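1. Dropping a prediction and its sequence here:
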Amino acid sequence: MATIRRPFGRNYAFVVAGVTFLALLAAAGLRAAPGVLILPLEKSFGWDRGSISLAAAIGIFLYGLTGPFAAALMQSFGVRKTVSLALVLMAVSTGLSAFMTQSWHYVATWGVLAGFGSGAVAMVLGATIVNRWFVERRGLMLGLLTAATATGSLIFLPAMAFIAEHGGWRPVVLTVASVAAIMAPIAWLLIPERPSDIGHKPFGAGEDWEEPPRGSASNALAGAFGALVRASRTRTFWLLFLGFFICGLTTNGLIGVHMIAFCGDRGMPEVRAAGLLALMGLFDLFGTTASGWLTDRYDPRKLLFVYYALRGLSLIYLPYSDFSIVSLSVFAVFYGLDWIATVPPTARLATQAFGDRDGPIVFGWIAAGHQLGAATAAVGAGMIRAAQGQYVQAFVLAGAAALIAAGASLLIRREVKAMAA
């Protein structure tokens, strides 16, 4: 690619980070929409909650499974091409769902196609952009980009809930499709492939910095599985994978998919419940950014221990609270600060253990564990609710799992000896 000068010099890295933040917001809003659509789809089509949750679970799972392959494609095929095509796929798939009449249509569009598309615009994108465009402030920038994945999913919920309450499910899916369609050309125009393509080095890079070798598009699949094989030989990988599985189980799989329905069971209107999730999203922006700042300064393992332990205790408490607006608001603020604060320390540990080249790909596999856990919670909590008529056991089990993740975090080794490719 010919060198094309851009404004701001090395600070153009922040422009790239800003556009990436917006793309992540769009993908996160898409992944959050099924939580709003549960009740409108039940009302419009008479579909049971289990089949509706299945589409959400498949989408969440593919969102995670796509991550490592998307990271490998970004290394070889290119970030700009991968992200732009993924946004187009998101727009087309959610737009097509406006014409659905059967539950399998919902599974195909929001579960399969949108799952693949949004999976390429996820946490691995943030890790790849930060590793490629920043040498300094990596933890802080990854915290900001990570916050987008939760802030977008939560802060858009009241608007989507309002639209669903007054216009039904179809305007919601058309809104999501429009946002993705708008972001696709913006990403294509404003995200250069690498700093060297605009004649610069990454932000904070010294004069002796050298650009890592570029991969070829033909070896993306081999790169994804090769990094997995090398990482899977280490205890660090499996402990990080376990922690992120439980992270997904306790956040977007449980709270993201079922919190509005849980509040509905307790008599709270849908828009007000969505407002609580938006409050979580607002405080997640502060919590995850602060987590990135802390990750630059403190042991990431100890940070993970604190985050998981506090999360577990709060989930066990929630079903036994009085569900007043005061208690739920306190929970929303606290849980928002901790929503995905786990990502910056987890990504840092992955980079420390597996290097700048393998690190983002390995993190993609670890993020797949996050979405596998989220899919498990999306289906499992729905089944528990269908069988028992309540969500209490689902929340208590998730809280106990978070306490296990807290203990496992302290067993992680910070450095892993580099392995041959």
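-> Okay, I see it.
2. Worst mean pLDDT across the helices and strands of the protein, which element?
-> Ranking every helix and strand in the chain by mean pLDDT, DSSP states H and E puts helix 138-155 at the bottom, with a mean of 73.
3. Next, the buried residues of whichever helix or strand residue 124 is part of.
-> Following DSSP states H and E, one finds residue 124 within helix 123-133. Buried positions in helix 123-133, judged by neighbour count with 16 or more other C-beta atoms under 10 Å: 123, 124, 125, 126, 127, 128, 129, 130, 131, 132, 133. Using the backbone N, CA and C atoms, a C-beta is placed for each residue, glycine as well.
4. distance between the helix or strand following the least confident helix or strand of the chain and the chain's centre?
-> Past helix 138-155, heading to the C-terminal end, the next element that is a helix or strand (DSSP H and E) is helix 157-167. Centroid separation between helix 157-167 and its chain, computed with C-alpha atoms, centre = their mean, to the nearest Å, is 22 Å.
5. Can you give the contact residues for helix 157-167?
-> 29, 32-33, 35-37, 39-40, 171-172, 175-176, 260, 270-271, 273-275, 277-278, 281 (C-beta atoms under 8 Å, 6 or more residues apart in numbering).
6. go with 6 Å
-> The contact list for helix 157-167, computed with C-beta atoms under 6 Å, 6 or more residues apart in numbering, reads 32, 33, 36, 40, 171, 172, 270, 271, 274, 275, 277, 278.
7. which residues touch the fifth one?
-> Applying C-beta under 6 Å, 6+ apart to residue 171 gives the contacts residue 163.
8. Tell me, how many residues neighbour residue 47?
-> Applying the criterion other C-beta atoms under 10 Å, we find 17 residues in the vicinity of residue 47.
9. picking up where we left off before, out of the contacts of helix 157-167, who's nearest residue 117?
-> residue 33 (13.2 Å; C-beta to C-beta).
10. which SS state does that closest one fall under?
-> The three-state label given to residue 33 by DSSP: H, G, I helix; E, B strand; the rest coil is helix.
11. The helix or strand harbouring residue 59 to helix 123-133, inter-axis angle?
-> Here residue 59 sits within helix 49-76, counting by DSSP H and E. Between the direction of helix 49-76 and that of helix 123-133, the angle (axes from the mean of the first three to the mean of the last three C-alpha atoms, to 10 degrees) works out to 20 degrees.
12. I'd like the average pLDDT over helix 49-76.
-> The pLDDT scores in helix 49-76 average 79.
13. And for stretch 269-281?
-> Confidence over stretch 269-281, taken as the mean pLDDT, stands at 79.
14. Show me what that stretch is in contact with.
-> Contacts of stretch 269-281 from elsewhere in the structure, counted by C-beta under 6 Å, 6+ apart, are 151, 154-155, 157-158, 161-162, 165, 260, 263, 328, 332, 335-336, 339.
15. With distance to residue 104 added, can I get the buried residues of helix 123-133 in CSV?
-> Supplementary listing: the buried residues of helix 123-133 in CSV, determined by distance: C-beta to C-beta, whole Å:
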residue, distance to residue 104
123, 29
124, 29
125, 29
126, 33
127, 34
128, 34
129, 36
130, 38
131, 39
132, 39
133, 41
